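Student: give me a model of this one.
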Amino acid sequence: KYGIPTPQKGEEVAGSTQQVNQPKDKDQKKKTTNSFFVQAPAKIGARQTLQGYIRRLIRSITADSDSIDINKLINRAIYELYHEQGRQSEIINKDLFQVTYTKLHSGISTELLQVDDTDFISQFRTNTAVFSAFKNHLQTKEIVSLLVDSDGKLRSFSQFKKLALQVSEKYNIQWLQTEYNTAVRAARSAANFKQFQKTAHLYPNLEYILSSASHRRVSHEGYAGTILPIDHPWWKTHMPPSDWNCQCSVRQTDKEPTPVPGEELVNPAFENNPGESAMIVNIEETQYYKRTAEPDKVIAEGLIIQKEILKESRNTAMIEMSKLVGKSIQIKDPPMTIDITRRGIKSAINKPYIDIIAKLEALPNIVDMLKKAKYIGVAENYKPQKKTHILKYHYFETKINKIPSYIVVEETNLKEFRFYAITDKKKTTK
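Tutor: You can find the predicted model right below:
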């Protein structure tokens with residue numbers, strides 16, 4: 001209750017010792033990591049097959065990123081960890097990192113769309129990658145620990161995979177959904193805070209608003225109605241969300257400030273203001289961080305993998321889109337024939353976009369996207385001295401992972417139409 005997932009009978013709860021079901025030929029159960037929040041209900045039953053679990057995993061995680069092959073990532077990670085016996089993946093497994101990071105990246109990108117501070121957005125992404133790194137370092141360690149049984153003997157691959165999938169379910173369904181919900185609310189809080197700062201001369205104070213959920217945290221009721229100046233130090237550590245899945249919020253007001261609450265009610269991991277820290281949580285207060293012996297190595301490895309994922313996404317998009325070079329797309333409204341050129345592909349891949357990974361994954365489907373997109377208007381060439389051959393730009397409205405997006409088609413002086421870019425912002429059209 002109180003806005004967090006309610007554990008079902010027999011589920012693991014914060015602070016409890018967690019276990020995986022060992023093969024029948026072993027009586028002892030292996031202890032794993034402790035939870036630091038109640039997990040989202042979704043536990044694999046004794047009669048459910050592993051493939052059924054994987055299908056549920058895919059449906060859960062791909063709700064906002066349908067192009068990610070979770071089945072492939074999970075199975076590849078398990079295969080690599082077994083056959084390499086953890087030696088090359090002892091810090092972070094790249095595939096497991098991608099499951100978490102891509103999901104959270106998608107969620108925060110949608111909420112940060114209206115933030116015009118590109119450095120802040122970049123830092124938010126980086127910190128999300130760092131959070132993902134610590135989480136998946138712990139996940140990797142836990143899976144690697146399953147390589148051998150209680151007698152120190154290497155398990156068969158089938159035994160290892162069964163146990164590894166139980167761990168994966170915990171991290172990638174039960175916890176990831178809660179983390180995703182929280183990341184979305186933290187990014188929304190950050191975007192709102194940035195906007196509040198712009199209008200602080202009109203409404204200089206913020207008021208803490210209690211969640212409207214049917215089951216609210218009693219502890220947060222002590223903050224409800226607190227009104228303090230937007231730059232008051234209290235907001236640095238008490239900006240909602242104030243716990244996992246917390247739905248509390250703040251609003252601007254010109255009402256008189258109230259006394260600072262005396263009692264400390266916030267989970268230390270949420271002593272944070274996402275609008276200032278660019279973090280979904282106070283990472284150093286999470287159990288992911290606290291259970292890591294070498295945090296600097298985990299951070300470095302996570303940021304390397306983040307860059308590798310982006311580079312691989314760019315390369316994949318380039319390879320897939322190169323197959324479309326020379327293709328022409330017939331559009332009925334308005335009538336035009338749009339050509340796909342190598343120059344247009346390069347431009348589309350490199351143009352800024354709030355969720356760059358989602359855009360790169362969508363680009364190979366540009367033909368279908370253009371046919372389904374809605375034409376919304378035209379804009380004159382805004383750089384006529386630099387692009388003398390371009391007459392104007394045509395805009396088609398679409399969506400990528402719920403983000404309103406615009407396919408840009410350039411019209412040349414020769415009345416040729418060429419695919420040019422996908423952007424999350426449009427120029428003035430007519």
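Student: tell me where this structure has strands.
Tutor: Under the criterion DSSP state E, the chain contains strands at 205-209, 227-229, 249-253, 328-331, 336-339, 374-380, 390-400, 403-412, 417-423.
Student: for the first one, packing partners?
Tutor: Spelled out, that is strand 205-209. On a contact count with 3 or more CB pairs under 8 Å, 6 or more residues apart in numbering; DSSP states H and E, strand 205-209 meets strand 227-229, strand 249-253. Any C-beta I mention is one placed from the backbone N, CA and C, and that applies to glycine too.
Student: need the strands of the chain in CSV (columns: mean neighbour count, mean pLDDT and distance to residue 297).
Tutor: Listed next are these as CSV, based on neighbours: other CB atoms under 10 Å; pLDDT from 0 to 100; distance: least, CB to CB, whole Å:
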stretch, mean neighbour count, mean pLDDT, distance to residue 297
strand 205-209, 21, 96, 38
strand 227-229, 17, 97, 39
strand 249-253, 17, 96, 37
strand 328-331, 14, 94, 48
strand 336-339, 16, 96, 48
strand 374-380, 14, 92, 48
strand 390-400, 18, 93, 34
strand 403-412, 20, 94, 34
strand 417-423, 21, 95, 37
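Student: in contact with the spatially most central residue of the chain, which residues?
Tutor: For the chain, the residue sitting closest to the mean C-alpha position, by CA atoms, centre = their mean, is residue 104 at 1.3 Å. Residue 104 sits next to 128, 131-132, 179-180, 183, 280 when contact means CB atoms under 8 Å, 6 or more residues apart in numbering.
Student: ok so, going back, let's have the helices and strands packed on strand 205-209 in JSON lines, adding distance to residue 205.
Tutor: Formatted as JSON lines, the helices and strands packed on strand 205-209 follow (distance: least, CB to CB, whole Å):
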{"stretch": "strand 227-229", "distance to residue 205": "5"}
{"stretch": "strand 249-253", "distance to residue 205": "5"}
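Student: residue 222 and residue 182, how far apart?
Tutor: 21 Å (CB to CB, to the nearest Å).
Student: what does residue 406 give?
Tutor: To residue 182, residue 406 is 30 Å away according to CB to CB.
Student: just residue 387 next, same as before
Tutor: 44 Å.
Student: try residue 367
Tutor: Taking CB to CB as the measure, residue 367 falls 37 Å from residue 182.
Student: okay, the two: which has more neighbours?
Tutor: Higher neighbour count among residue 367 and residue 182: residue 182, with 23 against 15, using other CB atoms under 10 Å.
Student: hang on, isn't that one packed against residue 242?
Tutor: No - Residue 182 is beyond contact range of residue 242, at 10.3 Å (criterion: CB atoms under 8 Å).
Student: identify the contacts common to those two.
Tutor: The contact sets of residue 182 and residue 242 do not overlap (CB under 8 Å, 6+ apart).
Student: low-confidence bits of the stretch 101-250 of the chain, can you list those?
Tutor: 214 (pLDDT under 70).
Student: OK, contacts around the residue nearest to residue 271 when sequence neighbours are not counted?
Tutor: Nearest residue to residue 271 in three dimensions, chain neighbours excluded: residue 237, at 4.0 Å (CB to CB, 6 or more residues apart in numbering). Contacts for residue 237 (CB under 8 Å, 6+ apart) come out as 266, 271-273.
Student: quick revisit: right, so of the strands of the chain, which gets closest to residue 94?
Tutor: Among those, the nearest to residue 94 by CB to CB is strand 390-400 (24.0 Å).
Student: excluding covalently adjacent residues, which one is nearest to residue 387?
Tutor: residue 381 (5.9 Å).
Student: would you confirm that that neighbour contacts residue 393?
Tutor: Yes - counting by CB under 8 Å, residue 393 is a contact partner of residue 381 at 7.0 Å.
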